[in-house]
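Student: Need a 3D model of the following:
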Amino acid sequence: PIIYQLILAHWVPILFIIALPILGDDREAIIRGSGF
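Tutor: Residues are numbered from 1 along each chain as shown. As a prediction, this is how the structure comes out:
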């Protein structure tokens, strides 16, 4: 369903923003690997 896609589209960036400070030094490699 497109609703799930919309929810994921909004939550994935939010989760990344929340996770960045937690991931610390690994965040750059993860960001490059995920395509953000």
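Student: now the helices for this protein?
Tutor: Counting by DSSP state H, the chain has helices at residues 2-23, 27-34.
Student: The longest one: how far from the chain's middle?
Tutor: Centroid separation for helix 2-23 versus its chain: 5 Å, with CA atoms, centre = their mean, to the nearest Å.
Student: Average pLDDT for that helix, rounded please.
Tutor: For helix 2-23, the mean pLDDT works out to 82.
Student: Show me what that helix is packed up against.
Tutor: Where contact means 3 or more CB pairs under 8 Å, 6 or more residues apart in numbering; DSSP states H and E, helix 2-23 is packed against helix 27-34. For every residue, glycine as well, the C-beta is placed using N, CA and C.
Student: List of residues touching the helix it packs on?
Tutor: Helix 27-34 has contacts (CB atoms under 8 Å, 6 or more residues apart in numbering) with 16, 19-20, 23.
Student: how far is that helix from where the chain is centred?
Tutor: The chain centre lies 10 Å from the centre of helix 27-34; the measure is CA atoms, centre = their mean.
Student: same deal with stretch 22-36?
Tutor: Using CA atoms, centre = their mean, the offset of stretch 22-36 from its chain centre is 9 Å.
Student: quick one on the thing from earlier: and the helices of the chain as JSON lines, adding mean neighbour count?
Tutor: Formatted as JSON lines, the helices of the chain follow (neighbours: other CB atoms under 10 Å):
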{"stretch": "helix 2-23", "mean neighbour count": "10"}
{"stretch": "helix 27-34", "mean neighbour count": "11"}
